[in-house]
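Visitor: This is a predicted model, with the sequence first.
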Amino acid sequence: MNRIVLVRPKGPRNVGSIVRAIANFGPAELVLVRPEKPSLLIHPDFEQMSHGVEDVTRRLTVVDDLETALADVTCAYGFTARAREHRTLHDWRERVAPILERTADPGEHVAFVFGNEETGLAGTETDLLHELVRMPTSDEHTSLNLALSVGVVLSTLFFAGARSARLESTTPLTGRDRRFLIAHLQDALGERTTSDSARRDLVATIERVFSRAPLETRDGRAWHLLARALGSRKRPQDYGLDPPTKTYRQMKKCP
């Protein structure tokens with residue numbers, strides 16, 4: 001699980017907002033390193049900004065130092081706008097893809113570390129981090145509010161992860177599989193028409209629609225199963241196509 005680490009946080013509103021952001025775009029752990037005012041967790045502003053999140057205090061851990069917060073993580077990214085000597089300051093936009101790949105690995109435990117609202121991360125603190133990342137902004141204002149920074153990180157990973165999952169679960173239908181599908185449907189459905197003119201219209205419609213539609217392999221399987229339900233047992237070889245296509249192999253396994 002990812003971990004958000006706030007080093008020496010000061011504002012109860014920021015911490016409360018981050019608790020809310022984690023509930024929105026998590027899951028993630030929250031660790032506070034030596035808050036400037038331990039009472040911030042019972043401050044009315046904290047309660048207001050974290051409103052609606054159940055078991056708030058159980059969702060976070062307070063530790064005395066950054067070493068403890070990072071003791072069991074495999075990689076830690078520190079967010080700062082300040083250049084550090086001999087350290088590369090990576091652009092967040094360029095790090096999203098590799099970070100997402102890392103966080104998707106169940107063997108990884110990744111921490112995102114943010115400094116104090118006023119002073120940021122100290123040099124000794126950045127020495128403990130694997131990479132330093134900056135959040136780019138417009139020239140009008142070059143620094144981000146702490147809660148907003150955490151929200152951007154969490155929401156970016158949340159939406160990018162969802163998009164990657166969707167892409168991995170879908171495979172476009174290949175040209176060969178599309179040709180087989182069109183021919184199969186034209187034969188299976190065309191046999192059900194009542195006249196030559198109706199068959200010609202149907203065949204033309206199938207050609208027009210299925211040649212243009214954005215089809216995935218799962219769509220192909222579904223339409224082939226329809227053709228089979230109508231009694232067709234056509235194979236790719238019957239249309240001069242190299243057997244067997246992946247879609248057809250998977251379709252044959254279905255009852």
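Guide: Done, it's in.
Visitor: what's in contact with stretch 192-207?
Guide: 182, 185-186, 189-190, 230 (CB atoms under 8 Å, 6 or more residues apart in numbering). All C-beta atoms are positioned from the backbone trio N, CA, C, and that covers glycine.
Visitor: Stretch 21-41 now?
Guide: Residues contacting stretch 21-41 (CB under 8 Å, 6+ apart): 1-12, 15, 18-19, 43, 46, 52-53, 57, 59-66, 68-69, 116, 147, 150-151, 154-155, 157-158.
Visitor: Listing request: residues of the stretch 101-250 of the chain with sub-threshold pLDDT.
Guide: Scanning the stretch 101-250 of the chain for pLDDT under 70 picks out the ranges 161-170, 243-250.
Visitor: mind listing the strands for it?
Guide: For the stretch 101-250 of the chain, the strands defined by DSSP state E, counting those that start in this stretch cover 110-114, 131-134.
Visitor: How about residue 145, nearest residue that isn't a chain neighbour?
Guide: residue 14 (7.2 Å; CB to CB, 6 or more residues apart in numbering).
Visitor: before we move on, back to that, got a quick ChimeraX command for the buried subset of the contacts of stretch 21-41?
Guide: One line in ChimeraX is enough to select the buried ones among these; burial here means 16 or more other CB atoms under 10 Å:
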select :2,3,4,5,6,7,8,9,10,11,12,15,18,19,43,46,59,60,66,69,116,147,150,151,154,157
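Visitor: which ones among the contacts of stretch 21-41 are found in helices?
Guide: 12, 15, 18-19, 46, 66, 68-69, 147, 150-151, 154-155, 157-158 (DSSP state H).
Visitor: Just the closest of these to residue 125, please.
Guide: residue 66 (5.4 Å; CB to CB).
Visitor: Just the local confidence number for that closest one, please.
Guide: As predicted, residue 66 sits at a pLDDT of 96.
Visitor: I'd say it and residue 8 touch.
Guide: No: applying CB atoms under 8 Å, one finds residue 66 not in contact with residue 8, separated by 9.4 Å.
Visitor: For the stretch 51-200 of the chain, which segments are assigned as helices?
Guide: 66-69, 92-103, 123-126, 146-168, 175-190, 196-212 (DSSP state H, counting those that start in this stretch).
Visitor: Nearest to residue 240, out of those?
Guide: Of the helices of the stretch 51-200 of the chain, nearest to residue 240 by CB to CB is helix 175-190, at 9.3 Å.
Visitor: who touches that closest one?
Guide: 173, 199, 202-203, 206-207, 210-211, 215, 217, 220, 223-224, 226-227, 230-232, 234, 236, 239, 241-242, 245-248.
Visitor: For that helix, buried residues please.
Guide: Here helix 175-190 shows 176-190 as buried, counting by 16+ other CB under 10 Å.
Visitor: Which of those residues sits closest to residue 78?
Guide: residue 177 (47.6 Å).
Visitor: for residue 35, helix, strand, or coil?
Guide: Here residue 35 is recorded as coil under DSSP: H, G, I helix; E, B strand; the rest coil.
Visitor: May I have stretch 73-92 exported as CSV, CA atoms only?
Guide: What follows is stretch 73-92, C-alpha atoms only, in CSV (Å, rounded to 0.1, in the frame of the first residue of the first chain):
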residue,chain,number,x,y,z
VAL,A,73,9.2,1.2,2.5
THR,A,74,11.0,0.1,-0.7
CYS,A,75,11.0,3.5,-2.4
ALA,A,76,10.4,7.1,-1.1
TYR,A,77,9.7,10.1,-3.3
GLY,A,78,10.1,13.5,-1.8
PHE,A,79,8.2,16.5,-3.1
THR,A,80,9.9,19.9,-3.1
ALA,A,81,10.2,23.0,-5.2
ARG,A,82,13.8,23.7,-4.0
ALA,A,83,16.8,22.5,-6.0
ARG,A,84,19.2,20.4,-4.1
GLU,A,85,23.0,20.2,-4.7
HIS,A,86,23.9,17.0,-6.6
ARG,A,87,20.3,15.8,-6.7
THR,A,88,18.1,15.6,-9.8
LEU,A,89,14.7,17.3,-9.3
HIS,A,90,12.3,15.3,-11.4
ASP,A,91,9.1,16.7,-13.0
TRP,A,92,6.1,15.0,-11.5
